[in-house]
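A.B. asks: here is the input, now give the coordinates:
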Amino acid sequence: MTIGCCLGFVILLAALVLFLTIFVKSNEMEPPVFTELAEVQHFDSHELQGVTLSELPPDIVPIKLVIEAKGCNVTLVPDGPPGAVRLSGEYDTANGSFEFLHDASASGQKFSIAYRSHRMMLLNLGSDEMDQAWDRNNLLVHLPLDSAFDIEIIHEGGEVDLDLSGVPVYMLHLESKYSQVNLRNAVKNPLVMKEMTLKHSIGETKLKNLQNYRFDLLNLDFSMGEFRLKANDLFYRSATIDMNVSLGGLILNLPENVEIINRVDSDSGNLFMSEHEFSEKNATVTLEGRVKWGEASVSQ
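C.D. replies: So this is what the prediction gives:
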């Protein structure tokens, strides 16, 4: 009986090893095939030529731009042609493909970009082939400066690099994990941003020129990583920052002209505050949220 059980176990183990070998082999990455995406899609937008906006006028409907990408580098730059979004990049057609959807209606326009993987990338994580695929799969989005945007990016694996200098952004939602995220904005946002959300886990986020985004509400949700947000100049207006930090570190640098109102719950985490005495406190930043099993540092 014992010998029969041992023999059955050995046969089962051998069958399992054979199945896993065939399964993994079938999901190995195929040789790369590069495909250029230069000017894949264009669409007309609401042009705002010659107009500098301080608020979003009621007759201007922002374009909704949605990007979903897994295992793909995403870059946004402010050099698109007037009234259009231009796309460029390359990808490995053996392991994935891009999808483009343009939905124009009376209520506005929505442009969706998605990178869909044909392979089970989990089986290739940590391999040289996977790293090479992430390096070669990239999407470059060229944004015009004469159109208002509501931008949503859902990202996993790879890098995200956003340069929104001069782009009228009404709302921004960025959600990423297992990635490196860089954001910058060299000039003041032509619009007052209604809401800005940054969610990131297991990675690193670096944001420069925080004052130029001109947001009413900034939602920060960070875990298991390092996150640095820096204002390189004085704030233009008052705002609320809602932070939720867990199992990670957040460094938030605010300018000297900001009066900080702290309402953060940090009973189960560490919050370090360092305020600077400045004669002209003409903007107020209210800090809300929670620091849980993590660490946040707010300084001026």
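
A.B. asks: low-confidence regions, this structure specifically.
C.D. replies: 1-61, 93-95, 106-107, 118-135 (pLDDT under 70).

A.B. asks: spatially central residue in it, please.
C.D. replies: Nearest to the geometric centre of the chain sits Leu174, at 3.6 Å (CA atoms, centre = their mean).

A.B. asks: which residues touch Glu159?
C.D. replies: Counting by CB atoms under 8 Å, 6 or more residues apart in numbering, Glu159 makes contact with 73-74, 179-182. Where C-beta positions appear, they are placed from N, C-alpha and C, glycine not excepted.

A.B. asks: which among those residues gets closest to Asn219?
C.D. replies: Val181 (14.9 Å; CB to CB).

A.B. asks: returning to what we had before: of the contacts of Glu159 - the most surrounded one?
C.D. replies: When these are compared by neighbour count (other CB atoms under 10 Å), Val74 ends up highest, at 26 neighbours.

A.B. asks: gap between the one helix or strand that one maps to and the chain center?
C.D. replies: Taking DSSP states H and E as the criterion, Val74 maps to strand 73-77. Averaging C-alpha positions (CA atoms, centre = their mean, to the nearest Å) puts strand 73-77 10 Å from its chain's average.

A.B. asks: who's in contact with that strand?
C.D. replies: Outside strand 73-77, the residues touching it (CB under 8 Å, 6+ apart) are 67, 134-135, 137-143, 151, 153, 155, 158-164.

A.B. asks: restrict the residues you listed to the buried ones and give me that as a ChimeraX selection.
C.D. replies: In ChimeraX syntax, the buried subset of the contacts of strand 73-77 is picked out as below (16 or more other CB atoms under 10 Å):
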select :67,134,137,138,139,140,141,142,143,151,153,155,158,159,160,161,162,163,164
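
A.B. asks: which members of the contacts of strand 73-77 occur in strands, if any?
C.D. replies: 67, 138-142, 151, 153, 155, 158-163 (DSSP state E).

A.B. asks: between those residues, which sits nearest Gly83?
C.D. replies: Closest to Gly83, out of all of the ones in strands among the contacts of strand 73-77 and judged by CB to CB, is His142, at 12.3 Å.

A.B. asks: bridged to that closest one, which residues?
C.D. replies: Val77, Arg86 (DSSP bridges).

A.B. asks: that one contacts Gly89, correct?
C.D. replies: No - using CB atoms under 8 Å as the test, His142 is too far from Gly89 to be in contact (10.6 Å).

A.B. asks: the helices in the stretch 51-200 of the chain, which residues?
C.D. replies: For the stretch 51-200 of the chain, the helices defined by DSSP state H, counting those that start in this stretch cover 128-136.

A.B. asks: neighbouring contacts of stretch 220-233?
C.D. replies: 197-212, 241-255, 289, 294.

A.B. asks: now that stretch: buried residues?
C.D. replies: Quick answer for stretch 220-233 (16+ other CB under 10 Å): 220-223, 225, 227, 229-231.

A.B. asks: closest to Ile113 among those?
C.D. replies: Closest to Ile113, out of all of the buried residues of stretch 220-233 and judged by CB to CB, is Asp221, at 23.3 Å.

A.B. asks: about what we covered before: which of the ones in strands among the contacts of strand 73-77 sits closest to Ile113?
C.D. replies: Ile67 (4.8 Å).

A.B. asks: so who does the closest one touch?
C.D. replies: 74, 112-114, 139, 141, 151-155.

A.B. asks: try 10 Å
C.D. replies: When contacts are counted by CB atoms under 10 Å, 6 or more residues apart in numbering, Ile67 touches 74, 76, 111-115, 139, 141, 151-155, 160, 174.

A.B. asks: what is the nearest of these to Tyr236?
C.D. replies: Ile151 (20.4 Å).

A.B. asks: who are the neighbours in contact with that closest one?
C.D. replies: Neighbouring residues of Ile151 by CB under 10 Å, 6+ apart: 62-67, 76, 141, 143, 162, 164, 167, 169-174, 196.

A.B. asks: now do 6 Å
C.D. replies: 65, 172 (CB atoms under 6 Å, 6 or more residues apart in numbering).

A.B. asks: then Ser238?
C.D. replies: 283-284.

A.B. asks: could you redo the last one with a cut-off of 8 Å?
C.D. replies: Contacts of Ser238 by CB under 8 Å, 6+ apart are 283-286.

A.B. asks: domains in this protein, by residue range?
C.D. replies: 34-46+60-159, 192-300 (automatic domain parsing).

A.B. asks: next up, the contacts around Val66.
C.D. replies: Each residue near Val66 by CB under 8 Å, 6+ apart is listed here: 110-113, 152-154.

A.B. asks: no further questions, thank you.
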